[in-house]
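Chemist: Give me coordinates for this.
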Amino acid sequence: MVTWGSVATQPATIAQPAPAAVTPPLNVPPAGYSALFNGRDLEGWYGQRDINPYQLWELDDEERARMRDEDQENMRQHWHVENGEIINDGSGVFLSTEQDYRDYEMWIDYKTVAGADSGIYLKAAPQVQIWDFTEAGGKWGIGADKGSGGLWNNSPGSAGKDPLVLADRPFGQWNRFRIRQVGQRTSVWLNDKLVIDHAIMENNHWKKGHPLPVAGPIWLQTHGGEIRWRNIFVREIPPDEASRILEENAGAAFESLFNGQDFAGWEGPTDNYEVVDGALRCKPDKGGTIFTEQEYDDFSVRFEFKLPPGGNNGLAIRYPGQGDTAYVGMCELQVLDNTADQFSKLDPRQYHGSAYGMVAAHRGYLREPGEWNFQQVTVRGSQIQVELNGSLILDTDLAEVSEYMGERPHPGKDRQTGHFGFAGHSSPVAFRNIAIAPLAADE
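Modeler: Sure, this is the predicted structure:
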């Protein structure tokens, strides 16, 4: 256990919340964190009606300004600051941060009343649930008996929907959340207890089947009962740390595919690749598919990759060992700098993470060219999931594909086994920390 002042001295991926017995100065952030609430007024916050943010972002500046003015007036009626606490009367607009956040760790205290139902929207998406956990509250039938902290809008039965333990304190006492979000991957601690463990936060309420926005504001919900907030702190997580968090929570028993020194365990045109600073890299103006000696059926593979501007490569999935993996293998999962001008008019099924020529991935989740990205790919039967920097950008079943780019069929898409590899396309895309986990049928 650590106190507020020592949080920043601990490795961020294993740091623990401060013990309840420690009383840090009110609204003073621990080292490494910034205060989102100054303890005096609502500077840095604004009133936000409960609206689909995708619709809001499409409005012109004039319409957004008009709505903002209306919401600010409503905020002044229902929100105020008193004795270092933000207080909402149970009605009115939500409270939103002015700033957007991508990968971050947040601390926030709240105190509410019997019958209340509230929550915290992350990246403008609902929500980390807060509610009356008692039987008298009348919501045991929809999960209130399990307590607060769950990702309420996740699908029934999905990881994160319900908290792992009941951790609420009695009414009249302050509760403390610690929330960490990397991409969609969300962990929640309530009163020092882990209640959500690195679960995907789904975007079901606003845009079902899509990842959360890559970045967005934090909204404090009001929903039927007085709620108070204090000690609201945030620390933005840099890309390298975000990748380490994702790697440490990748699950399964991964085994290394690349020793960082040479091409032991790899076949194909390895002379067209090189090892630079512990990373496997395609040589400029070279290419071809290099692949593992071993074949795999169902597996999960994780790795980091770095794209140069205009970088182009691919992942060979269930590759037979020869031929164009995009067609003779199960598929090629595209590795591409989506921002490059020369790629601005591609078919959607050619952008990063897509099952090349068959199924398009969601765009906008790559880090800048020259930065390392973290990706995990899971293949089960005909199903493929691609998770990029913590966001699920592809979740598809190739058995259902019947339309192909250029009407060119993919005879290998139904392959049940094959090699894993990299399909270089003349640009120095680099890969490191490559590891694979064969999956049993029940995993």
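Chemist: rest of the way, CA atoms for contacts and neighbours
Modeler: Will do.
Chemist: can you give me the helices in the stretch 151-300 of the chain?
Modeler: According to DSSP state H, counting those that start in this stretch, the stretch 151-300 of the chain carries its helices in the segments 204-207, 239-248.
Chemist: can you check the stretch 301-443 of the chain too?
Modeler: Listed in chain order, the helices of the stretch 301-443 of the chain (DSSP H, counting those that start in this stretch) span 325-328.
Chemist: for it, what are the low-confidence residue spans?
Modeler: Counting by pLDDT under 70, the low-confidence segments of the stretch 301-443 of the chain come to 441-443.
Chemist: rewinding a little: dump the helices of the stretch 151-300 of the chain into CSV; add mean neighbour count as well.
Modeler: Below are the helices of the stretch 151-300 of the chain laid out as CSV (neighbours: other CA atoms under 10 Å):
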stretch, mean neighbour count
helix 204-207, 16
helix 239-248, 17
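Chemist: CSV please, covering these and showing mean pLDDT.
Modeler: Supplementary listing: these in CSV, determined by pLDDT from 0 to 100:
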stretch, mean pLDDT
helix 204-207, 96
helix 239-248, 97
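Chemist: would TSV of the ones you listed with distance to Pro25 be doable?
Modeler: What follows is the helices of the stretch 151-300 of the chain, written out as TSV (distance: least, CA to CA, whole Å):
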stretch	distance to Pro25
helix 204-207	37
helix 239-248	28
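Chemist: Between those helices, which one is closest to Arg185.
Modeler: Closest to Arg185 of the helices of the stretch 151-300 of the chain, according to CA to CA: helix 239-248, at 8.2 Å.
Chemist: residues in contact with the closest one?
Modeler: The contact list for helix 239-248 (CA atoms under 8 Å, 6 or more residues apart in numbering) reads 12-13, 103, 182, 302, 372-374, 389-390.
Chemist: Write a PyMOL command that selects only the buried members of those residues.
Modeler: The PyMOL selection below is limited to those of these classed as buried (16 or more other CA atoms under 10 Å):
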select buried, resi 103+182+302+372+373+374+389+390
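Chemist: Report the two of the contacts of helix 239-248 separated the most.
Modeler: Of all pairs drawn from these, the one with the largest separation by CA to CA is Ala12 and Arg302; the distance is 21.0 Å.
Chemist: Check which helices and strands the longest helix seen in the chain is in contact with.
Modeler: Counting residues, the longest helix in the chain under DSSP state H turns out to be helix 61-78. Other helices and strands packing on helix 61-78, by 3 or more CA pairs under 8 Å, 6 or more residues apart in numbering; DSSP states H and E, are strand 45-48.
Chemist: Okay, now the sheet partners of the strand it packs on, with direction.
Modeler: Partner strands for strand 45-48, per DSSP bridges, with pairing direction: strand 94-97 (antiparallel).
Chemist: Beyond the partner strand, next helix or strand please.
Modeler: strand 104-112 (DSSP states H and E).
Chemist: Just the mean pLDDT for that following strand, thanks.
Modeler: Averaged across strand 104-112, the pLDDT comes to 97.
Chemist: ok, now stretch 72-79?
Modeler: Mean pLDDT, taken over the full extent of stretch 72-79, equals 97.
Chemist: Then stretch 180-192?
Modeler: Stretch 180-192 shows an average pLDDT of 98 in the prediction.
Chemist: Quickly list the domain ranges of this protein.
Modeler: The record's domain parsing of the chain by automatic domain parsing lists 4-242, 250-438.
Chemist: residue ranges for the strands of the stretch 251-400 of the chain, please.
Modeler: Taking DSSP state E, counting those that start in this stretch to define them, one finds strands in the stretch 251-400 of the chain at 255-256, 266-267, 273-276, 279-282, 287-296, 299-306, 312-319, 331-336, 372-380, 383-388, 391-397.
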